[in-house]
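In: quick one, fold the following:
(chains A, B, C and D)
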There are 2 protein chains.
Amino acid sequence: MKREMVERPYKEVVDVLKRCGLRPTRQRMALAKLLRDAGDCHLTAEELHARAADAGHRISLATIYNALHQFTEAGLVREIVVDSGCSYFDTNVSDHHHFFFEDRRELKDIDHGDVVISAVPEPPEGATVERVDVVIRVRSS
Amino acid sequence: MKREMVERPYKEVVDVLKRCGLRPTRQRMALAKLLRDAGDCHLTAEELHARAADAGHRISLATIYNALHQFTEAGLVREIVVDSGCSYFDTNVSDHHHFFFEDRRELKDIDHGDVVISAVPEPPEGATVERVDVVIRVRSS
DNA sequence: TCAATAGTTTAGAATAATTCTAAACCACTT
DNA sequence: AAGTGGTTTAGAATTATTCTAAACTATTGA
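Out: Next comes the predicted model:
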């Protein structure tokens, strides 16, 4: 049996990592795969750490943070700040917005088309718009 | 000279505090006055602490945090989360949005009318919209 | 294939913002 | 003036995150 056949499940994430200029290390491959297989969701560093542990990967928290920041930089995930206290990382990097359930401290995607922003101001002189974030804060009533 | 004339400068904040059901203590009066006199701005707890110190008030950080949360609850200020790491408190409680300068970690108001959101989704069953936050993240280019 | 090198991971310490604790304090009523 | 219950405080505790320096490993070139 050819080597490649065994390694195939990781082939795709290896390519993604390489394309991003990140060395495909054991830990980065595991994390990239976990994130890819997680579907659209919003994870904290601790949650990803737990999922990695569940999947049998003992990866230090510092590495989780490093990887999440590198993945954010590379556009593989997106960091969302809605809760002073901790960052969420969104595996859905397409253009969209969020509900934030303040009591549960949980995020839920809003499809791009469901929020229509028909006017935004010019950014001040010398500033470039990175992103327009819309967060609808809700509480259970 | 009547007593009231001397106390007058604090009369207004005392009334505000009472109306909010907050006992007008020395520290709360000082902070409420500082915030009111600060004009529209975005302060962290540490910054308010420093301003209080500058004004000659030695108030513990724990008290600053307590007061800011009570003031937020009472609608005297508004808490803004744009930066995992620290909260900003906005003395402008009218409906408006923000630019966030990611490199300087600073906020700037956007007038309510300058952002037009023409469609927002229904909140999920059992949830009530608290607020719709629009944050335009910019960096100096 | 091997060694050198440069990037990576790690545990644990360090930091930063915030919250907690329990004792001292003080505003308000009577 | 005294009692009561909310408030303030210093300092310890907590939480999320970053730093550090040593051990490790992917990659490159001989």
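In: please report the distance of A:L35 from chain B.
Out: Between A:L35 and chain B the distance is 19 Å, computed by Cβ to the nearest Cβ, to the nearest Å. The way it works is simple: take the backbone N, C-alpha and C, and place the C-beta from them, glycine included.
In: again, but for A:R78
Out: Here the distance between A:R78 and chain B works out to 11 Å (Cβ to the nearest Cβ).
In: residues near that residue, how many?
Out: A:R78 sits with 19 neighbouring residues when counted by other Cβ atoms under 10 Å in any protein chain shown.
In: ok, the closest residue to it other than its chain neighbours - contacts?
Out: In this structure, A:R78 finds its nearest non-sequential neighbour in A:D90, 4.6 Å apart by Cβ to Cβ, 6 or more residues apart in numbering or on different chains. Applying Cβ atoms under 8 Å, 6 or more residues apart in numbering or on different chains to A:D90 gives the contacts A:40-42, A:77-80, A:107.
In: okay, and the beta partners of A:D90?
Out: On the basis of DSSP bridges, A:D90 takes part in beta bridges with A:H42, A:R78.
In: relative to B:H97, how far out is it?
Out: Going from A:D90 to B:H97 by Cβ to Cβ, to the nearest Å gives 21 Å.
In: what's the helix or strand for A:K108?
Out: Assignment of secondary structure by DSSP states H and E places A:K108 within strand A:106-110.
In: please, which helix or strand holds A:L68?
Out: Under the assignment given by DSSP H and E, the secondary-structure element containing A:L68 is helix A:61-74.
In: is DNA strand D contacted by that helix?
Out: Yes. Contact between helix A:61-74 and DNA strand D is present through A:61-62, A:65, A:69 (criterion: Cβ under 7 Å from any atom of the strand).
In: identify the farthest-apart pair in those.
Out: Across those, the longest distance by Cβ to Cβ is 12.7 Å; it joins A:L61 and A:H69.
In: for these two, indicate the residue with more neighbours.
Out: Remark: of A:L61 and A:H69, A:H69 carries more neighbours, 15 against 12, as counted by other Cβ under 10 Å.
In: contacts only, for that one.
Out: Residues in contact with A:H69, defined by Cβ under 8 Å, 6+ apart, are absent; none qualify.
In: state the distance from it to chain B.
Out: From A:H69 to chain B the distance is 12 Å (Cβ to the nearest Cβ).
In: that residue and A:F89, how far apart?
Out: With distances defined as Cβ to Cβ, the gap from A:H69 to A:F89 amounts to 9 Å.
In: with A:I80 instead?
Out: Spatial separation of A:I80 from A:F89 under the definition Cβ to Cβ is 7 Å.
In: can you list residues touching both of these two?
Out: Residues touching both A:I80 and A:F89 (Cβ under 8 Å, 6+ apart): A:H42.
In: number of residues surrounding A:L48?
Out: 23.
In: what is the burial count for the closest residue to it other than its chain neighbours?
Out: Nearest residue to A:L48, sequence neighbours excluded (Cβ to Cβ, 6+ apart): A:I64, at 5.6 Å. The criterion is other Cβ under 10 Å. On that basis, A:I64 has 23 neighbouring residues.
In: my guess is A:I64 contacts A:A52. True?
Out: Yes. If you go by Cβ atoms under 8 Å, A:I64 and A:A52 touch, sitting 7.2 Å apart.
In: quick one, what contacts A:C41?
Out: Shown in contact with A:C41 (Cβ under 8 Å, 6+ apart): A:90-92.
In: the longest strand along chain A pairs with which strands, and in what direction?
Out: Across chain A, the longest stretch assigned as strand under DSSP state E is strand A:127-140. Sheet pairing of strand A:127-140 (DSSP bridges) gives strand A:97-101 (parallel), strand B:127-140 (antiparallel).
In: which residues touch A:M29?
Out: Under the criterion of Cβ under 8 Å, 6+ apart, the contact partners of A:M29 comprise A:10, A:13-14, A:17.
In: up against DNA strand C, what does chain A have?
Out: Contacts of chain A with DNA strand C, taken as Cβ under 7 Å from any atom of the strand, map to A:22-23, A:25-28, A:58-63, A:66-67, A:84-85.
In: out of those, which are buried?
Out: Among these, those scoring as buried are A:22, A:27-28, A:59, A:63, A:67 (criterion: 16 or more other Cβ atoms under 10 Å in any protein chain shown).
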